[in-house]
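Visitor: Need the 3D shape of this:
(one chain, ligands or ions: 1)
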Amino acid sequence: MANIPATPAAAVATGHRASPWPRSSPSLPRRTAMLPSTGAAAGPRASWSWRGAAAVARAATGSDKAESSLFSEVVRRLVVAEFAQILFVEVSERLDTFQASGARNQNYMAMYSSIFGGITKDPSAMVIPIDDHMVHRGHGVFDTAAIMDGHLYELEQHLDRFLRSALMAKIPLPFDRSTIRSILIQTVSASNCTQGSLRYWLSVGPGDFQLSSSGCANPALYAVVIESPSLQVPAGCKVVTSSIPIKSPQFAVMKSVNYMPNALTKVEGEENGAFTGIWLDDEGFVAEGSNMNVGFVTAGKELLMPRFDKILSGCTAKRVLTLAEQLVADGRLSGIISRNVSVQEGKAAGEMMLIGSGILVKPVVQWDDQIIGSGQEGPIALALYDLILEDMRSGPPSVRIPIPY
Ligand SMILES: Cc1ncc(COP(=O)(O)O)c(C=O)c1O
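Guide: Coordinates of the predicted model:
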């Protein structure tokens, strides 16, 4: 495997426990909790139980009243002990317990971090420093790329946008573009994932809890590979006009980690029985969805999309605009156009669709109270879905990078 540059030595931690740092040391004493009346050690957390503590208290007193106050004291001390300072080895054990609890509903197959300068396959180690300004100030950008049949789809296009976003966010690059690209490919390779997605972040990095990034010595790169099943044929969905204010163009065109408005737009949509919310821009024209672009088919059979000057320029939407030329060639579309779309025109369209790398192309059959077109999944939306899926499976090398597993 090629070297992965970072401050510490590069490493791929493939085995459980093979991490850049030793996670346990025989010389480290285990934390123990001392019981007040017996002096006996409660020992490792796994062997302690509330019932056991009560029995100890009962044996030590014999009277109900004394038993109850001693029990309270036992509980108080043990609870304090539970949240007392713990060693890193125990933090890692507890992270393992959290991981094993099933609290996560996706499979994280590998993570790269420039902080530890390597790739880990241990989900418990997939963490970032709390003083990273991306965590406490939102000073970070991100992007994604789908993994399909062992290939990364549109990595170059997503990488272009990622680096543009970093520039707009004044985040210095920790590595040059080709090194970042190589790290991303190596992370997918180490994961052995053939179907899923790659997500990656650039941050001004850790350093302090100030607002300015001047104290952040090293910008950070993180990437994670998430396994996901292959996509289903898209079902028609409902959307609602979002009441959440849209981001101003300066922030909407960059893919920063400030996704609170996007998350609330999605939640608001779901609360109203819809798939997501749709934003209008400052002039009342159709903008975009929570994390997807929007397209229409006009009565004249044109594919119509809002321009990208006030919204995120979607890699999928741009690819759809190119692939749609095939539908113009075979007469199913009369043309392809990007311009302002009023709400009235959008609601009167023959078809409406959502477009993004998470969903590809999803037909919309209802917007607020208005049924779109026939109320069924539109044939152009379904044809575009097929075209993009086909492109992911067998498109040209400009959109498909094979992963060297
Ligand atoms: C706000 C927003 N618009 C549009 C998109 C669609 O972009 P892409 O097709 O590159 O996934 C996304 C995707 O994350 C998004 O977050």
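
Visitor: Can you tell me the element residue 223 falls in?
Guide: In this structure, residue 223 sits in strand 220-227 according to DSSP states H and E.

Visitor: Relative to that strand, what are the paired strands and their orientations?
Guide: Strand pairing for strand 220-227, determined by DSSP bridges: strand 107-113 (antiparallel), strand 196-203 (antiparallel).

Visitor: so how far is it off the chain centroid?
Guide: Relative to the chain's own centre, strand 220-227 is displaced by 9 Å; criterion: Cα atoms, centre = their mean, to the nearest Å.

Visitor: Outside of that strand itself, list whatever touches it.
Guide: By Cβ atoms under 8 Å, 6 or more residues apart in numbering, the surrounding residues in contact with strand 220-227 are 106-115, 126, 128, 132, 134, 147, 174-175, 180, 183-184, 187-188, 191, 193, 195-206. C-betas here are computed from N, CA, C, even on glycine.

Visitor: Could you give me the buried positions within it?
Guide: Across strand 220-227, burial judged by 16 or more other Cβ atoms under 10 Å covers 220-227.

Visitor: cool, stretch 373-389 as well?
Guide: In stretch 373-389, counting by 16+ other Cβ under 10 Å, buried: 373, 377-385, 387-389.

Visitor: Ok, which of the strands paired with strand 220-227 comes nearest residue 141?
Guide: Of all these, it is strand 196-203 that lies closest to residue 141, at 5.4 Å by Cβ to Cβ.

Visitor: Beta-bridge partners for the spatially most central residue of the chain, please?
Guide: When Cα atoms, centre = their mean is applied to the chain, the residue found nearest the centroid is residue 199 (6.2 Å). Going by DSSP bridges, residue 199 is paired in beta bridges with residue 144, residue 224.

Visitor: how about it, what does it touch?
Guide: 142-144, 223-224, 226.

Visitor: at 10 Å instead, please
Guide: Residues in contact with residue 199, defined by Cβ atoms under 10 Å, 6 or more residues apart in numbering, are 108, 111, 142-145, 222-226.

Visitor: Could you save the buried residues of strand 220-227 as TSV and add columns showing pLDDT and distance to residue 291?
Guide: What follows is those, written out as TSV (pLDDT from 0 to 100; distance: Cβ to Cβ, whole Å):
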residue	pLDDT	distance to residue 291
220	98	23
221	98	22
222	99	19
223	99	19
224	98	17
225	98	19
226	98	15
227	97	20
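
Visitor: If we only consider the residues you listed, which is nearest to the ligand?
Guide: residue 226 (14.2 Å; Cβ to the nearest ligand atom).

Visitor: how close does that closest one sit to residue 193?
Guide: 8 Å (Cβ to Cβ, to the nearest Å).

Visitor: surely residue 249 meets residue 288?
Guide: No: contact criterion Cβ atoms under 10 Å: residue 249 and residue 288 do not qualify, at 11.6 Å.
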